[in-house]
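Enquirer: Have a look at this prediction, sequence included:
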Amino acid sequence: MEETFSNLATYGYIGLFLYSLGGGFIALIGAAVLSFMGKMDLTLSITIAFLANALGDVLLFYMARYQKSVMIESIKKHRRKLALSHIMMKKYGSWIILFQKFIYGLKTLIPIAIGLTKYDFQKFLVLNIISSAIWALVIGLGSYYSGSTLVTIAQNIGENPWIAPLILVTLGGALWFYLTQATKKRVK
């Protein structure tokens with residue numbers, strides 16, 4: 001077990017950076033809990049997650065803006081979710097850049113949708129940096145201060161391994177149901 005923690009301390013920051021490029025919820029929660037346990041540094045974890053998350057969204061925006069043909073080809077099967085992203089952009093305006101950090105399933109599509117429009121890059125960059133900082137602080141500090149509870153939950157799941165698939169299926173099913181309903185064709 002001690003070797004696992006040693007490896008996490010060694011390679012955890014690299015994994016956190018790579019995972020946070022495309023999202024990072026689970027990695028940041030894990031890093032914050034490991035920080036609570038004294039195995040990682042909380043400030044460094046939050047900083048790495050913030051930088052990677054901001055960079056990942058900027059790269060998605062840039063690819064959508066300047067490599068449209070490649071991006072459109074790669075997201076062809078997600079057209080309805082992309083349309084939902086456009087609707088959310090129109091409905092919530094610039095606030096969607098903050099909200100999207102917390103919406104799993106649409107998190108990567110919102111920067112692409114914004115990049116496909118004529119939205120100002122400088123404005124996106126500033127709002128994205130602020131949003132990434134808020135996201136990293138909320139998730140990182142929230143997980144750190146909930147560390148005791150999260151460790152207890154992890155121990156219970158370790159003792160009852162059937163709970164983990166049940167939780168994953170429930171969360172995955174709820175996300176799938178939401179996205180299916182939100183992107184469903186409406187008959188007029």
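Expert: Ah, there it is. The shown structure was predicted, so the numbers you read here are calculated from the model rather than taken from an experiment.

Enquirer: what about the helices in this structure?
Expert: For the chain, the helices defined by DSSP state H occupy 2-20, 25-36, 42-66, 68-74, 79-92, 95-99, 109-116, 121-145, 147-159, 163-182.

Enquirer: among these, which is the most enclosed?
Expert: Mean neighbour count (mean count of other C-beta atoms under 10 Å) peaks for helix 109-116 among those, with a mean of 24. Where C-beta positions appear, they are placed from N, C-alpha and C, glycine not excepted.

Enquirer: Please compute how far that one lies from its chain's middle.
Expert: 15 Å (C-alpha atoms, centre = their mean, to the nearest Å).

Enquirer: Just the CA coordinates for it, please, in PDB.
Expert: Below are the C-alpha coordinates for helix 109-116, written out as PDB (Å, rounded to 0.1, in the frame of the first residue of the first chain):
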ATOM      1  CA  LEU A 109     -18.300  20.300 -26.300                       C
ATOM      2  CA  ILE A 110     -18.900  23.900 -25.100                       C
ATOM      3  CA  PRO A 111     -15.400  25.200 -26.000                       C
ATOM      4  CA  ILE A 112     -15.800  23.500 -29.400                       C
ATOM      5  CA  ALA A 113     -19.200  25.100 -29.900                       C
ATOM      6  CA  ILE A 114     -17.900  28.500 -28.900                       C
ATOM      7  CA  GLY A 115     -14.900  28.000 -31.200                       C
ATOM      8  CA  LEU A 116     -17.100  27.300 -34.100                       C
END
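
Enquirer: what residue lies at the spatial centre of this structure?
Expert: The residue lying closest to the centre of the chain (C-alpha atoms, centre = their mean) is residue 23, at 2.6 Å.

Enquirer: Could you report the separation of that one from residue 29?
Expert: Residue 23 sits 11 Å away from residue 29, going by C-beta to C-beta, to the nearest Å.

Enquirer: Likewise for residue 161?
Expert: According to C-beta to C-beta, residue 161 and residue 29 sit 20 Å apart.

Enquirer: now residue 65
Expert: Distance, residue 65 to residue 29, by C-beta to C-beta: 31 Å.
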